[in-house]
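1. quick one, what's the 3D model for this:
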Amino acid sequence: MKTSWPIRLVRALFFAFSVFIGIAISLGLQQDAWVGAVSGAAFMGMLMVLDVILAHFTLRDFSHATLGLAVGLFCAWLITRIGVFQLAYFQNHEAGLALQNIAEICIYGTLAFFGVTFALRSDRDQFAFLIPYIRFRRDGSEGEPLLLDTNVVMDARLPGVFATGFLSGAVVVPRCVLDGLQHLADSPETALSLRGKRGLEMMEKLRARPEMQVSIHEDGGSDVPVEVRLVTLARELNARLLTSDDNLAKVARLRGITVLSLRELAAALNPELSVGDELRLPLTKPGKDKNQAVGYLPDGAMIVVNNAAAQIGQTVDVVVSGTLPTSAGRLIFAEVKPAA
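-> Alright, predicted model coming up:
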């Protein structure tokens, strides 16, 4: 995983500081300076190795672990204060003090271990049991920022989806996405120019909503493909990736990123019609056969209604008689519902 330059700078500064402290300690103990320099460098090297190993350990995990450690140590302190070690066995045994110390170490270590592990497996809502009358913000993906890619910004459905309240959290748009939209808007090809302008209009609509928190992230690395930068940025910001690109969604999920796909959402909301279902359908045009009429569902699925050519331009009640999957989508056949 690529390391950001602030982390590399911090490592370099602490490495130099560790070497300096090692030299100072070595000279204070009347040892050679190089011994302290090597010792300080080795100590900092061990810390950097641990830092790499714990790269996925976030500040939220650290706060959970710290609280769990505190609870475990407090419980151990209570156990050691109930007078167990004042029993005659410990008082009269010749190694009673040593046994008491060993038992206390085991109790503190055991409860500290389980306190940390239990806390890491718990969300912040469960901590309300430990701190009454204080309710933490829900520990879920809804609190994480939403990172938008280029395709989803150009989707005209995006403002409507946010207006429903199903999506929450701050919205982050990388600078590379805005640059891509501007490049499309300036394109000499009409189709690309219209898509770019639509994306910029969608951004204006999102920023105009008072409840929306939209920010522009000044990402670097212009030589890196936009998809790679989006995935890397999502990991750095611990953000959810909102996209309509299936391939980008697959790559992001392989990297352990939470992905919200508009395409998958639309597919999940498509009505699953089966034989015998009834619905009202506006008939818009004639079908291939002489007596057929055609209507469309909101998701674009086409319904062919038999013996309805005379009712084109009307909205009628139909009954599904069969479905046929095709490469372009679902093809549904229906009959006009008989009058009661």
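2. CA only for contacts and neighbour counts going forward, please
-> Fine.
3. what are the ranges of the helices in the protein?
-> 5-28, 33-53, 59-79, 88-92, 96-120, 150-153, 158-163, 175-185, 190-208, 226-237, 246-254, 262-269 (DSSP state H).
4. elements contacting the shortest one?
-> Just to be clear, that refers to helix 150-153. Packing contacts for helix 150-153, counted by 3 or more C-alpha pairs under 8 Å, 6 or more residues apart in numbering; DSSP states H and E, involve helix 175-185, helix 190-208, strand 240-243.
5. share the number of residues neighbouring Thr323, please.
-> 16 (other C-alpha atoms under 10 Å).
6. residues contacting the residue nearest to it when sequence neighbours are not counted?
-> Closest residue to Thr323 apart from its sequence neighbours, by C-alpha to C-alpha, 6 or more residues apart in numbering: Ile332 at 4.3 Å. Shown in contact with Ile332 (C-alpha atoms under 8 Å, 6 or more residues apart in numbering): Ala301, Met302, Ile303, Val304, Val320, Ser321, Gly322, Thr323, Leu324.
7. gap between Ile332 and Gly322?
-> From Ile332 across to Gly322, the span is 6 Å (C-alpha to C-alpha, to the nearest Å).
8. also Ala33?
-> For Ala33, the distance to Gly322 - C-alpha to C-alpha - is 87 Å.
9. which one of the helices and strands packed on helix 150-153 lies closest to Ala310?
-> helix 190-208 (37.5 Å; C-alpha to C-alpha).
10. contacts for that closest one?
-> In contact with helix 190-208 (C-alpha under 8 Å, 6+ apart) are residues 150, 153-156, 158-159, 178, 180-187, 212-214.
11. state the mean pLDDT of that helix.
-> Per-residue pLDDT values over helix 190-208 give a mean of 86.
12. next one: stretch 241-258
-> Here the average pLDDT along stretch 241-258 is 88.
13. buried sites along that stretch?
-> Across stretch 241-258, burial judged by 16 or more other C-alpha atoms under 10 Å covers Leu241, Leu242, Thr243, Ser244, Asp245, Leu248, Ala249, Ala252, Ile257, Thr258.
14. neighbouring contacts of it?
-> By C-alpha under 8 Å, 6+ apart, stretch 241-258 touches 146-152, 227, 231, 234-235, 238-240, 259-264.
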